[in-house]
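Student: make a model of this:
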Amino acid sequence: MATADGYENSTCIGFNSKITASNQVRIGSSTVTSIGGYRAWSNLSDGRFKKNIKEDVPGHAFINKLRPITYTLDVTAINLKIENSKPGDKKITSDQFDKKYIAEQERIISRGLWPRK
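Tutor: Reported below is the predicted structural model:
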């Protein structure tokens, strides 16, 4: 069954949580700092159901193409993108977000991998 926005098979839970397409689950907004429980998320990646398994990852060549980085997340930009995700949607102004909380989020240094150019 489609929602009023025309999305199907989607769920959003929490204040300012918003879906932007069908087949999505969103928990919380960009200002949420922790999502958890007493058990880990279920992962349906079970070796009993994998086919055509090959050990053909190019090892060192693949790893050497990765570039370790640190970054901060632009929570303000994420909020603006979500707010303007669909014409006609009710807009949520940035003033409605807890600016102190967003500033704290934007100071967190994260780590990740990007491909080398």
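
Student: C-alpha only now, for contacts and for neighbours.
Tutor: Will do.

Student: poorly predicted segments of this structure, please.
Tutor: Applying pLDDT under 70 to the chain flags the ranges 1-4, 43-44, 83-97.

Student: strands of that one, start to end?
Tutor: With DSSP state E as the criterion, the chain has strands at 11-13, 25-27, 66-71, 110-115.

Student: and the first one, what does it pack onto?
Tutor: Strand 11-13 is packed against strand 25-27, with contacts defined by 3 or more C-alpha pairs under 8 Å, 6 or more residues apart in numbering; DSSP states H and E.

Student: for Arg67, what are its contacts?
Tutor: Contacts for Arg67 (C-alpha atoms under 8 Å, 6 or more residues apart in numbering) come out as Leu113, Trp114, Pro115, Arg116.

Student: the residues you listed: which two are farthest apart?
Tutor: Maximum pairwise distance in those, criterion C-alpha to C-alpha, is 9.2 Å, between Leu113 and Arg116.

Student: mutual contacts of these two, please.
Tutor: Leu66, Arg67.

Student: what count of nearby residues applies to Gly14?
Tutor: If you count neighbours by other C-alpha atoms under 10 Å, Gly14 ends up with 11.
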